[in-house]
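In: Sequence and predicted structure are below.
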Amino acid sequence: MPLISGYRDIMKSFKLLKTLIPILLVVLLILPGIQYTAQNEFKRLKVVVISVDAVRFDHITQLAVEGQLPNIAKLMSSGIYAEMVVVFPTATAVSHAAISTGAPPGVNGIVGNSIHLPNTSVTSTTSGFSGFNLLSEPIWMTADRHGLKSIVVSFPQSTPRAWNVSRSILFNFYDASAAFTASTLYTTNRIIGGATYIDFTNATEWINVEKVFGSVVRALESSIKIGDTTWYLYLADLNGDDFYDKLAIAPEKDLLKAYAILSEGEWSNPINTTIVYANKVYTISPLFKAIKLNPVSDFRLYRGLTRPFEATWYNNADVAWSVWNNVFTKTGTFTDGDYVGLTRGWFNEETYIETVNYTNRLFAEWTVFMIKNYEWDLILTYTPVIDNVYHQFLGLVDPSMPYYDSEKAKYYWDLIVRTYKIVDEFVGAVLESVPPDTVVILLSDHGQVPIKKIVYINGILCNRGYVAVDAVFRVNVTGTLAYAPWHVHIFVNLAGRESGGIVPPANYSLLVDELVRVLWEYRDPETGERVFDLVLPREKAEFLGLTGERIGDVIFALKPGYTSSTALVRDPETGKAVEIAPVIPLLTSTGDHGPHLPHYKELRAVLIASGPGISGGYLGTISSLQVAATIASLLGISPPRDSKLAPIFISREALPIVFTYTSTITTTITSTTTTTLRERVTTTATTTLISPVSTTVTETIVDYTLVRIVGLIALIVGIVVGYVLRRK
Ligand SMILES: [Zn+2]
């Protein structure tokens, strides 16, 4: 019995197995199908990058924690945030180039806000903000190459003419300038510096006075010029109390045609009109402020930065015209807080902050307009306002600065906080307008350090005989051995390399050693403190990412608290060049960045990101060289060609991509010079410059159509096999 019963049990189990196996097989085989079908969840995300110039990690996180920046706090709590170490020099053009390309300055070619090129005079430079000087591929080109649409609202090196994009929209409104662009103050007060001086006389021949003002007891008139076009000013005392109540700005002496009628302290709306300059018509949208109407001897009418439409700042005229009519005609054309007006005493801090607000409004409204009205996969946008206010006020809030005043510090810190709050509003407007599959990244390009003294680098070189000057302290290139055309880089005026170079290659190393020693030994005469943080010959600067022929023969960094100037200023007392001078708050910058090493806490930038599949909170310290790869991974494309580091984070929902690199590094000896010395001994000096790195990227884009077909076949095979086994 037990035996038979055992046999029956086995038979029963076998029958059960016969039923179970096909089910098991079906499940096993359809699993990959289900898994691959789930890949359908992966999507190509959209990315918006807001670069907020000079945001400090410590300040933004502090203000977010205090609840002062609700939108930024929301980004941080829902996504990730990190402390970002940027490249050296910590300058805007340099840092943005590293962010957009993923390549260090020596590779991408942007080694300064101004760049000195070989075969030019040792004093000459070209702009580091120009896209023509960027040697590596920026992320907007990578995206365009992959068939995606980028919109660059404004980013250093986004020079529209420099990039051959097929579907992307590039702007750089900073390129829109003409002879009349600079802001000015129209004033009767000749004591005020750098202004446009005007005079008032009794108003005559004005029409429609009564229609506009009712009665006017007394009126004065004057005129101003924008380009070659004259506008008229009508200053009215309405009730005869010797106080001028209203100012009209009009294209002719007809008050019904007035562009603006302002009371003292009032801003105009943007004046949307055209003017003529050198026989060419320009469309403009300037803002005016009637800073002071009384007394007439101190009349002050301010005209803000006036950028024209007719300039090369876009690659699509229709889109640009739409931006002009929908955005700039409402915001005006400020692209920076007007420090010129503040430092020249045209107006006070409050008016300065108003120019900062107008600037942020332009970039915020422009960005939202592009988000809402055009197709895009990637938007790169920018606002300079934190950088603007730090340059003016950062030192004034720092107790370690010699000019610190605790009462004033509260006021200036409040101005900085107010500016962070308008940036937060910018972020809020972007968050409200982006579609749900968008990753929003807020980042900065560097921080700023408070400064107490300015180091005149060429002044130090001049007083020691390396820079030659004429009677009015202009550089005499033919007698100059070495010169710093931009902060951080000192070039030897090398024969055969610099145009008009005088230093024989045989003397090169000796001169470099000498320059390094002179600077390293230089001390603040007042405190005895060393002012240089680092002084290196170029071949030792590779660890800073500085390689190639665009970097100085000597590289230097300054200690926090000091900043550099390349200007040559004669000290009237000694007749020598000024080497070091104190900062004068509100006249010179009290905050700065550039010649400072990026690891200091004040220089640390920020990266905050939020969007589908992104979480993790605080990520610690990251490198700005990882940003380009991060954006690429979110877009599901390979990183820019010279980007070498891994992404900072990935989205669980981003389209995956497989790619491989093959890199070729080519080294070339670029110049060999033969020099004959007096002893008739012939020596050969060879200068080896570090070559550009060329990289080829091969990539395989995973085709999910194929993956899904494989999944489907697996599913069908599973069902068929199951059915066949079941029948047996
Ligand atoms: Zn910057």
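Out: Now that the structure is in, tell me what you want to look at.
In: What separation is there between Leu727 and Val720?
Out: Rather than Leu, residue 727 is Arg. Distance of Arg727 to Val720, computed by Cβ to Cβ, to the nearest Å: 11 Å. Bear in mind the C-beta positions are built from the backbone N, C-alpha and C, glycine included.
In: Have a look at these two and say which one is more surrounded.
Out: When Arg727 is set against Val720 and neighbours are counted by other Cβ atoms under 10 Å, the residue ahead is Val720, at 12 against 7.
In: Number of residues surrounding the closest residue to the ion within the stretch 401-550 of the chain?
Out: Closest residue of the stretch 401-550 of the chain to the ion, Cβ to the ion: Asp445 (4.3 Å). Asp445 is flanked by 28 other residues according to other Cβ under 10 Å.
In: In three-state terms, label it for me.
Out: State at Asp445, reduced to three classes by DSSP: H, G, I helix; E, B strand; the rest coil: coil.
In: go on, Tyr282?
Out: Look at Tyr282: counting by three-state DSSP, its state is strand.
In: ok, which residues in this structure are in contact with the ion?
Out: Neighbours of the ion within the chain, by Cβ under 5 Å from the ion: 53, 92, 387, 445.
In: correct me, but the first one touches Tyr390?
Out: Spelled out, that is Asp53. No: in this structure Asp53 lies outside contact range of Tyr390 using Cβ atoms under 8 Å: 9.1 Å.
In: Tell me which of these two has more neighbours.
Out: Tyr390 (28 against 24).
In: Spell out the secondary structure type for the more buried one.
Out: Applying three-state DSSP: Tyr390 is helix.
In: So which bits of stretch 617-630 are buried?
Out: Judged by neighbour count (16 or more other Cβ atoms under 10 Å), stretch 617-630 contains these buried residues: 619, 622-630.
In: residue in the stretch 251-400 of the chain nearest to the ion?
Out: The ion sits closest to Asp387 of the stretch 251-400 of the chain, with a gap of 4.9 Å, by Cβ to the ion.
In: typo on my end, the stretch 601-728 of the chain
Out: For the stretch 601-728 of the chain, Cβ to the ion, closest residue to the ion: Ala605, 9.1 Å.
In: The helix or strand where Leu235 lies vs strand 280-284, what angle?
Out: For Leu235, the element it lies in under DSSP states H and E is strand 229-237. Orientation of strand 229-237 against strand 280-284 (axes from the mean of the first three to the mean of the last three Cα atoms, to 10 degrees) gives an angle of 40 degrees.
In: you'd agree the residue of the stretch 251-400 of the chain closest to the ion is up against Ala91?
Out: No: applying Cβ under 8 Å as the test, Asp387 and Ala91 come out as separate, 10.7 Å apart.
In: Could you confirm Gly555 falls within a strand?
Out: One correction, residue 555 is Ile, not Gly. Yes: under three-state DSSP, Ile555 falls within a strand.
In: End to end on stretch 529-540, go ahead and measure it.
Out: End-to-end distance of stretch 529-540 (Cα to Cα, to the nearest Å): 24 Å.
In: again, but for stretch 467-476
Out: First residue to last in stretch 467-476 (Cα to Cα) measures 8 Å.
In: Which residues does it contact?
Out: Residues from elsewhere that reach stretch 467-476 (Cβ atoms under 8 Å, 6 or more residues apart in numbering): 123, 458, 461-462, 477-483, 568-570, 577.
In: Would you mark the buried spots in it?
Out: The neighbour-count check on stretch 467-476 (16+ other Cβ under 10 Å) flags 467-469, 473, 475 as buried.
In: can I get those in TSV with secondary structure and pLDDT?
Out: Putting the buried residues of stretch 467-476 into TSV (DSSP: H, G, I helix; E, B strand; the rest coil; pLDDT from 0 to 100) gives the following:
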residue	secondary structure	pLDDT
Val467	coil	98
Ala468	coil	98
Val469	strand	97
Phe473	coil	94
Val475	strand	97
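In: Let's have these in TSV, adding distance to Asn239.
Out: What follows is these, written out as TSV (distance: Cβ to Cβ, whole Å):
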residue	distance to Asn239
Val467	63
Ala468	65
Val469	60
Phe473	55
Val475	59
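In: Name the nearest residue to the single nearest residue of the chain relative to the ion, ignoring sequence neighbours.
Out: The minimum distance from the chain to the ion, using Cβ to the ion, falls at Thr92 (3.1 Å). Leaving aside its chain neighbours, Thr92 sits nearest to Asp445 (5.6 Å; criterion: Cβ to Cβ, 6 or more residues apart in numbering).
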